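Enquirer: build me a model:
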Amino acid sequence: MGLVTAILCGFPEAQAAKIPLQGASGFDDLVRVQFDPQLRQTRVAGRVASHLCFSLALQQEWRSTTGGMETRLKSVLSDAELEVGLRPAHELRGLPQADLASRDAALLQQDYESLLGRPAQSVSLVSLSPETTRWSATWVDAHLPSGPLTVEAFIVPLSDDWVLELSFSNVPVKEEYDSLVRSLLAGLKVHHGPGCGSQMAF
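Expert: Numbers count the residues shown, from 1 in each chain. The predicted structure is shown next:
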């Protein structure tokens with residue numbers, strides 16, 4: 001079972017939560033993480049196929065903490081975590097949305113609504129760039145154990161066959177969360193072609 005991280009933002013009284021969902025699978029054995037002490041930056045590179053890779057950069061030092069069915073990075077300086085998930089596009093077949101990012105967002109929302117037993121009161125799907133879409137959904141039901149809950153994921157269609165999902169957790173301060181997101185998106189790159197494996201070499 002993969003995890004799509006639930007992060008809470010906009011509700012100071014709420015506590016961070018993680019909700020396990022079926023869906024995106026990890027690929028820890030194909031992800032490399034390396035910290036550059038001079039730049040104070042952590043580089044992350046992942047190979048999805050022989051001709052398809054991605055890379056991103058995070059400020060300060062982060063370490064890979066899990067393997068198997070999920071890839072999770074944890075900040076050395078705080079409790080912040082970043083989950084990196086990969087979803088095969090065939091899981092999204094049959095959904096009516098026009099593009100991969102929208103179908104992935106719809107499936108995420110279905111999973112959360114099924115898990116929580118109620119529809120979200122507010123949903124947002126925003127294209128941040130030609131490559132990246134931000135999906136978020138909010139539940140304000142007072143009966144939820146955590147109180148008001150907002151979940152968010154950044155969706156990156158890598159090809160017609162694969163979708164990358166990125167999400168932070170354990171970041172209670174909104175300014176810190178926003179800074180992490182800006183850094184993540186600024187350094188995110190998708191590499192195509194037979195030479196993309198060179199992006200894995202630090």
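Enquirer: and stretch 57-65, how far apart are its ends?
Expert: 17 Å (Cα to Cα, to the nearest Å).
Enquirer: centre-most residue in this protein?
Expert: Residue closest to the average C-alpha location in the chain (Cα atoms, centre = their mean): residue 166, at 1.3 Å.
Enquirer: against residue 195, how distant is the residue nearest to it when sequence neighbours are not counted?
Expert: With sequence-adjacent residues excluded and distances taken as Cβ to Cβ, 6 or more residues apart in numbering, residue 166 is closest to residue 154, at 4.4 Å. Placement of C-beta: from N, CA and C, glycine included. Separation of residue 154 from residue 195 (Cβ to Cβ, to the nearest Å) stands at 26 Å.
Enquirer: of those two, give the one with the bigger neighbour count.
Expert: Neighbour comparison, residue 154 and residue 195: the larger count goes to residue 154, with 20 against 10 (by other Cβ atoms under 10 Å).
Enquirer: mind listing what the more buried one touches?
Expert: Residue 154 makes contact with 128, 132, 133, 134, 135, 165, 166, 167, 181, 184, 185, according to Cβ atoms under 8 Å, 6 or more residues apart in numbering.
Enquirer: and if you look at residue 30?
Expert: Under the criterion of Cβ under 8 Å, 6+ apart, the neighbours of residue 30 are 46, 47, 48.
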